[in-house]
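Undergrad: okay, sequence plus prediction incoming.
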Amino acid sequence: MRIAISTGGGDAPGLNAVIRSSALSAISRGWDVLGICRGYFGLLGEDQILRLTPDTVRGIGHLGGTILRTTNRGNPFSFPVKQADGTYVEVDRSREIIENAGRLGIDALITIGGDGSLGIANRLHQLGMKVVGVPKTIDNDVSGTITTFGFDTAVNTAIEAIDKLHTTAESHDRVIVLEVMGRHAGFIALHSGVAGSADVILIPEIPFDIEKVCDKVRSRDANGRHFSIVVVAEGAFTIGGQESVLGESLPGQAKRVGGIAGRIAWEIQQRTGKEARSLVLGHLQRGGAPTGYDRLLATRFGGAAVEAVEEGKWGQMVALQSPHIVTISFDEALRVPKRVDPDHDVVRTARASGISFGD
């Protein structure tokens, strides 16, 4: 048996732990293991293919990033190709993936990624490729699994930022708006905001009224709490409004949401007269060493993915359904995007403790 491993989409703490676990689990079975560099680029001749050995993956489990590197622009079904005039056209190169994998003697592929990468994997599976998926995203927006690796690390990074912002906000009697990642899902904002004792949490699943946000700031001020912390997911938007988009994306990329924190801070300052500042936490949430929880989950996912290959569970994704790791079909995982339930107990507890969602 010869398997290949790829990492696609945005990076997340714990990727190297999955690579290490799946490689060692496969090697222990006497299999060959290849690493596809930069998502599917290695199978398209755009990058390298590496032989993974015990030496290759030694000492990487605690490291952030991915030794295979990654990209969010390598969809083989709509691959951007630059023309002589500088414009781009999208070309379907999926058959090249399958043909090149066959020439390399690859019997199965373990793809590690979020909903975009898993969607590509599902289409390759439908074309006959033997694929097993591992859910990866700091946004925690893949259905069918309680959580994804990388999420816990991102939340802890955000909590550390909130803790530090509390001291400087209180010292200056300021309102500070912290923007965290999550795209269309508010899990990072919700979990870090509740754990970090934010005063306002704004998420895409609960559109907000900026005046209600300002009311919370005024209320705290009247009660002698002259500072406020607002945690906002990058994809949050006002009632009847739309998410904020950051300019033009590169060819082959999805639109980049974000920039909402600065707008909210400006509105709060204009409406309340209080000094307001904004901070975009950005890619700090993706970097650094994974937490112990994420290392363990990633390691479990890697081992389970190899077991799925051994059992021929093609077109399936490993998932955490506590206390066990199970497999579910790509179709089930991708059918409905995972979002925060506005009536979830975490939301209810946050409201009961005085946190405003701006609604």
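TA: Perfect, I can see it now.
Undergrad: which residues of this protein fall in helices?
TA: With helices called from DSSP state H, the chain shows them at 15-27, 94-103, 115-126, 151-172, 187-195, 210-222, 260-272, 292-310, 330-335, 345-352.
Undergrad: tabulate those helices (CSV), appending mean pLDDT.
TA: Output for these, formatted as CSV (pLDDT from 0 to 100):
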stretch, mean pLDDT
helix 15-27, 98
helix 94-103, 95
helix 115-126, 94
helix 151-172, 97
helix 187-195, 98
helix 210-222, 97
helix 260-272, 96
helix 292-310, 98
helix 330-335, 94
helix 345-352, 98
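Undergrad: of all those helices, which one comes closest to Ile67?
TA: With distances scored as C-beta to C-beta, the stretch of those nearest to Ile67 is helix 15-27 (6.0 Å). Heads up, the C-betas are built off the backbone N, CA and C, glycines and all.
Undergrad: re the thing from before, turn the helices of the chain into CSV, including mean neighbour count.
TA: Compiled in CSV, the helices of the chain are given as follows (neighbours: other C-beta atoms under 10 Å):
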stretch, mean neighbour count
helix 15-27, 25
helix 94-103, 16
helix 115-126, 21
helix 151-172, 19
helix 187-195, 25
helix 210-222, 18
helix 260-272, 19
helix 292-310, 22
helix 330-335, 17
helix 345-352, 13
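Undergrad: now these in CSV, with distance to Gly74?
TA: CSV is the format used below for these (distance: least, C-beta to C-beta, whole Å):
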stretch, distance to Gly74
helix 15-27, 16
helix 94-103, 10
helix 115-126, 9
helix 151-172, 23
helix 187-195, 25
helix 210-222, 38
helix 260-272, 28
helix 292-310, 20
helix 330-335, 18
helix 345-352, 35
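Undergrad: nearest to Gly65, out of these?
TA: Comparing the helices of the chain by C-beta to C-beta, helix 15-27 comes nearest, at 6.8 Å.
Undergrad: what about dumping the CA coordinates of the closest one to CSV?
TA: Taking Å, rounded to 0.1, in the frame of the first residue of the first chain, the C-alpha atoms of helix 15-27 are listed here in CSV:
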residue,chain,number,x,y,z
LEU,A,15,-1.4,20.0,11.1
ASN,A,16,2.0,18.6,11.7
ALA,A,17,0.7,16.3,14.5
VAL,A,18,-1.8,14.8,12.0
ILE,A,19,1.0,14.3,9.4
ARG,A,20,3.2,12.7,12.0
SER,A,21,0.5,10.4,13.4
SER,A,22,-0.8,9.3,10.0
ALA,A,23,2.6,8.8,8.6
LEU,A,24,3.8,6.7,11.5
SER,A,25,0.6,4.7,11.7
ALA,A,26,0.9,3.9,8.0
ILE,A,27,4.6,3.0,8.2
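Undergrad: what's the angle between it and helix 292-310?
TA: Interaxial angle, helix 15-27 versus helix 292-310 (axes from the mean of the first three to the mean of the last three C-alpha atoms, to 10 degrees): 40 degrees.
Undergrad: what packs against helix 15-27?
TA: Using 3 or more C-beta pairs under 8 Å, 6 or more residues apart in numbering; DSSP states H and E as the contact definition, the elements that helix 15-27 packs against are strand 2-7, strand 32-36, strand 108-113, helix 292-310.
Undergrad: which residues does the second one contact?
TA: For strand 32-36, contacts defined as C-beta atoms under 8 Å, 6 or more residues apart in numbering pick out 1-6, 19, 22-23, 26-27, 42-43, 49-53, 56, 67-68, 104, 106, 109.
Undergrad: just the C-alphas of it, formatted as PDB.
TA: Presented in PDB, the C-alpha positions along strand 32-36 are these (Å, rounded to 0.1, in the frame of the first residue of the first chain):
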ATOM      1  CA  ASP A  32       4.900   3.700   1.800                       C
ATOM      2  CA  VAL A  33       3.900   7.300   2.600                       C
ATOM      3  CA  LEU A  34       4.200  10.400   0.300                       C
ATOM      4  CA  GLY A  35       3.600  14.000   1.200                       C
ATOM      5  CA  ILE A  36       2.000  16.200  -1.400                       C
END
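Undergrad: so what strands line up beside it?
TA: Here strand 32-36 has these sheet partners by DSSP bridges: strand 2-7 (parallel), strand 49-51 (antiparallel).
Undergrad: among these, which is nearest Ile120?
TA: Minimum separation from Ile120 across these (C-beta to C-beta) falls at strand 2-7, 9.9 Å.
Undergrad: with only the CA atoms kept, save the closest one in CSV.
TA: As requested, the backbone C-alpha atoms of strand 2-7 are provided in CSV (Å, rounded to 0.1, in the frame of the first residue of the first chain):
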residue,chain,number,x,y,z
ARG,A,2,1.2,3.5,-0.8
ILE,A,3,-0.7,6.4,0.5
ALA,A,4,-0.3,10.2,0.1
ILE,A,5,-1.0,13.0,2.6
SER,A,6,-2.0,16.6,1.7
THR,A,7,-2.7,19.7,3.6
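Undergrad: next, the buried residues of it.
TA: By 16 or more other C-beta atoms under 10 Å, the buried positions in strand 2-7 come out as 3-7.
Undergrad: ok, residues contacting that strand?
TA: Outside strand 2-7, the residues within contact range by C-beta under 8 Å, 6+ apart are 15, 19, 22-23, 26, 31-36, 39-40, 42-43, 49, 52, 66, 68-70, 101, 104-113, 136, 306, 309.
Undergrad: out of these, which end up buried?
TA: Counted by 16+ other C-beta under 10 Å, those give 15, 19, 22-23, 26, 31-36, 39-40, 42-43, 49, 52, 66, 68-70, 101, 104, 106, 108-113, 136, 306, 309 as buried.
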